[in-house]
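Undergrad: Sequence first, predicted model second:
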Amino acid sequence: MPALFETDNLICTIVDDIQTVAEAKPVVVAFSGGLDSTTVAALAKQALGADRVLLVTVNMGIYNYRRGNEIVLEMAEQLGLQQKCLLGQYVQHRVQANGPACNRCTREIKLGMVKAVARGRLVLTGANRSDTWGKMGIKVCNGYYSPLLDLEKPQVRAIADALGLAVPKIGEHPGREGCKLKHLLKPLAAPEFHGQAVAEANEVLLGLVKEARFPAELANVKIIGPLSRNIALVNLRPAPPSDLAARITEALLGLSVINEVHIVDRPLTLVAKAGPAVAGDPHARYWLQHGRLQPDFAQPIQVEWLPSANNRLHTFHVVDFRPTN
C-alpha cells in the first residue's frame, strides 16, 4: 500500500491533471459504482465541482447483479453527484451473438452509449493498469480521458481510502466485478435460453452463498456447452463444504434453463472452438486463457483450442470440459 504522503501527492497530481485536461468544462463519468469509476468521480468532483460532473451508468438489465444496481445508487448518493442511467441489455444481444466479446462490449456499449449522451463533453473512465484498456490505452483519446491510467489497483484503492470512499462489493470476485454476461462462455444466440441461464444461475449462487454465510472470495457460474445445452460450472473459492455444494447443485438444476451442474473442484481442460481471429493468433489464445478465463476459475485450467467451422463465430465458444490429466 502506498505511503500516505505518496497517496496525497497522487491525489493532488490527478486533480491538477483533471483541471488541465477538462479546462474547467463540464464532464461525464462512465460510472459503474465500482472502485475505479467511483474514485475518478470523486477526483473529478474535487477538481471541477459537483455541478460540472455528471455520472452516466449503462445498466445491463438482467445481466447486472441486483446488488450491483443497488451499489450504483448508493455510491452516487455518497458522492453527491447527479446520475443518468441508460439501458444496454438489448444492445448486448447484438454484440454477444457471435461469441463472448467483453472488449467490444466496453467499447460499443459501456463507453459508446455514454459518449453518445455526453454530447461533446469529455468522458472520464476508470481504466487503469489492472485491466486490458489500462494496459493498451492512451490517457486522452477521441473524447475519452482516463486519469488513473498509469496506476495499479493498490494505488487506486489507496486513493479511495484517502478520500473516505466506502465502495461495497458484490461478492463474485475479490478484484474486478461486473456484468454477469462475462460468465457466458458461448455465443448469446438465444437470449431467453443462454442469457437467462447465466443471469439466473449467478443470482441463485450468490443468494445461497449469502444465506449460508460462506466466506467466498470467488463465486460465479460459468455457462458452457453446445448451443442446445447449458452446462453450469460452479466456481467457489474457498471450496464449499459438501452440504452447500449439494444445495447449490439442486437449486441450479431446478432452473429450467440449466441442463447440467458441476462444482469446479479439480483442474479442468476446457474444449473451446475458436473463430478465425482467435484460431490464428497465439497471443489472443494465451490472453483468453490466462487473462480472461483463469482469474474467474476456482482451479487451474487448460484450454484445448479447436478451429470452428461456424463462420458466424467471431471469438470463441467453450463446448465441453474434462478433468485435466
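TA: Structure's in. What do you need? Note that the coordinates shown come from a computational prediction; the quantities given were computed from them, not determined experimentally.
Undergrad: Got the domain ranges for this protein?
TA: As assigned by automatic domain parsing, the chain contains the domains 4-162, 180-323.
Undergrad: Save those as TSV, and put in distance to residue 170, mean neighbour count and mean pLDDT too.
TA: For glycine as for every other residue, the C-beta is placed from the backbone atoms N, C-alpha and C. As requested, those are exported to TSV (distance: least, C-beta to C-beta, whole Å; neighbours: other C-beta atoms under 10 Å; pLDDT from 0 to 100):
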stretch	distance to residue 170	mean neighbour count	mean pLDDT
domain 4-162	5	18	90
domain 180-323	7	18	96
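Undergrad: nearest to residue 172, of those?
TA: Nearest to residue 172, of all the domains of the chain, is domain 180-323, at 5.3 Å by C-beta to C-beta.
Undergrad: Which helix runs longest in this protein?
TA: Ranked by residue count, the top helix of the chain under DSSP state H comes out as helix 4-22.
Undergrad: Heading C-terminal from that helix, find the next helix or strand.
TA: Counting by DSSP states H and E, the next helix or strand C-terminal to helix 4-22 is strand 27-30.
Undergrad: quick one: that following strand to chain centroid distance?
TA: 19 Å (C-alpha atoms, centre = their mean, to the nearest Å).
Undergrad: name the helices or strands packed onto the helix or strand following it?
TA: Counting by DSSP H and E, the next helix or strand C-terminal to strand 27-30 is helix 35-48. Counting contacts by 3 or more C-beta pairs under 8 Å, 6 or more residues apart in numbering; DSSP states H and E, helix 35-48 is packed against helix 4-22, strand 27-30, strand 53-59, helix 66-79, strand 122-124, helix 153-162.
Undergrad: Which stretch among those approaches residue 281 most closely?
TA: Of the helices and strands packed on helix 35-48, nearest to residue 281 by C-beta to C-beta is helix 153-162, at 27.1 Å.
Undergrad: so the following helix or strand past the closest one versus helix 66-79, what angle?
TA: Proceeding N to C from helix 153-162, the next assigned helix or strand is helix 196-212, under DSSP H and E. Orientation of helix 196-212 against helix 66-79 (axes from the mean of the first three to the mean of the last three C-alpha atoms, to 10 degrees) gives an angle of 70 degrees.
Undergrad: Could you point out the helix or strand that follows helix 196-212?
TA: strand 218-224.
Undergrad: Next, the residues that contact the helix or strand following that following strand from outside, please.
TA: Later in the chain than strand 218-224, the nearest helix or strand by DSSP H and E is strand 231-237. For strand 231-237, contacts defined as C-beta atoms under 8 Å, 6 or more residues apart in numbering pick out 197, 201, 205, 209, 214, 216-225, 245, 248-249, 252, 258-264, 268, 296-298, 320-321.
Undergrad: same thing with stretch 266-280?
TA: So stretch 266-280 is contacted by 98-99, 185, 224, 233, 284-285, 288, 293, 297, 299-308, 310, 313-324 (C-beta under 8 Å, 6+ apart).
Undergrad: and these, which of them are in strands?
TA: For these, the ones inside strands are 224, 233, 301-307, 316-323, with DSSP state E as the criterion.
Undergrad: what residues are up against the spatially closest residue to residue 205 that is not a sequence neighbour?
TA: Nearest residue to residue 205, sequence neighbours excluded (C-beta to C-beta, 6 or more residues apart in numbering): residue 221, at 5.3 Å. Each residue near residue 221 by C-beta under 8 Å, 6+ apart is listed here: 183, 198, 201-202, 204-205, 232-235, 252.
Undergrad: Quickly list what residue 221 is bridged to.
TA: residue 234 (DSSP bridges).
Undergrad: Since that was my last question, I'll sign off now.
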